[in-house]
Every structure is written in structure tokens, then in C-alpha cells.
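Q: whatever this is, show me its structure:
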Amino acid sequence: MNNKQNVRVLLTDDDEDDREFFADAITDLYLHYPVEFCKNGLELLNRLYDKSLHVPDIIFLDLNMPIMSGFETLQQIRNDVQFKDIPVIAIYSTSATEEAIKNTFGLGANAYIVKPVVFDDLKELLKKVIEMDWNEKLNNSQIESFIITI
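A: Have a look, this model is predicted:
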């Protein structure tokens, strides 16, 4: 993400309320980024392979989804060389179990965040994630810096 002014953000989450919460936070931050949404992992993969659409600059991916879980989706994304440099924030999730964190790290996610329930916390977290130096983060494979908090 070289140009922070034209960041294309994609959230994959099966919960409509969470998608709206996310969109409202981006808007409230005055981040005029195009935000796209997918409802499950299969929809995300189909969207990524659609050559008529721009590849997103950053993907937020929920773990617990029907049809294809976030774990399965992440594995598919990382198995395709054309998507290896897209930061995947693993995983916009309400669970922060040690197992989920280790699994997503092992599958190649770039970071892990827990869904905040407070709107201002979500805004702060999204701002922090989007404004990160992803070139540095993509080259840092240390689990100690994997979990992003506010």
C-alpha cells in the first residue's frame, strides 16, 4: 500500500451488522477509501479472481463464516502467488484464542485483531491498521507483533 490516499479495503464477514459497523467506522474517520464487502470466503475468492475488478490493498477477514471459513479462505489466498503481497488482517474476529491466533499466523495472515464492540475503539483500531507501514509488516514474520491492539 504505497499510496495511502487510494487504499482499497475489502471486508469479508457474514454478519451484516458487523459490515455496517465497519463501513460506518471508515466513513467516520473521513477515510475516503473504497470499501467492498463479501459475505463469505467463496465470494471473496471469486471476487479476487475477477480480472475486471481491482485487487484490494488490504483484506479484513472474519474467521467464522458459512460456506468457507476464514481459515480455509486464508489458506487459498496464500496458496496463490498473485495474492501473496496483499495484507490480510486475520482476522476481524470476536475470538482471540491461542489456537486461532497460531493457526492464522501459520497460514500466512499478516496481523490479527479482535472485533471491538465499542465504535470509537473500532475506529482507532482501523486507523492504526490502515496507516501501518505494510512493506515493513509484510517482511516481519514475528508472532510477537502479530496481534494488533489499540
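
Q: low pLDDT regions in the protein?
A: Applying pLDDT under 70 to the chain flags the ranges 1-5, 91-95, 135-141.

Q: now the strands for it?
A: Counting by DSSP state E, residue ranges of the strands within the chain are 9-12, 35-38, 58-61, 88-90.

Q: with distance to T27 and mean neighbour count added, can I get the ones you listed in TSV?
A: In short, each C-beta sits where N, CA and C put it, glycine included. Formatted as TSV, the strands of the chain follow (distance: least, C-beta to C-beta, whole Å; neighbours: other C-beta atoms under 10 Å):
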stretch	distance to T27	mean neighbour count
strand 9-12	12	24
strand 35-38	9	19
strand 58-61	15	26
strand 88-90	19	26
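
Q: how close does the spatially most central residue of the chain sit to S52?
A: Centroid check for the chain by C-alpha atoms, centre = their mean gives F60 as the closest residue, at 1.6 Å. Counting by C-beta to C-beta, to the nearest Å, the separation of F60 from S52 is 22 Å.

Q: distance between stretch 121-128 and the chain's centre?
A: 13 Å (C-alpha atoms, centre = their mean, to the nearest Å).

Q: and if you look at stretch 115-124?
A: 15 Å.
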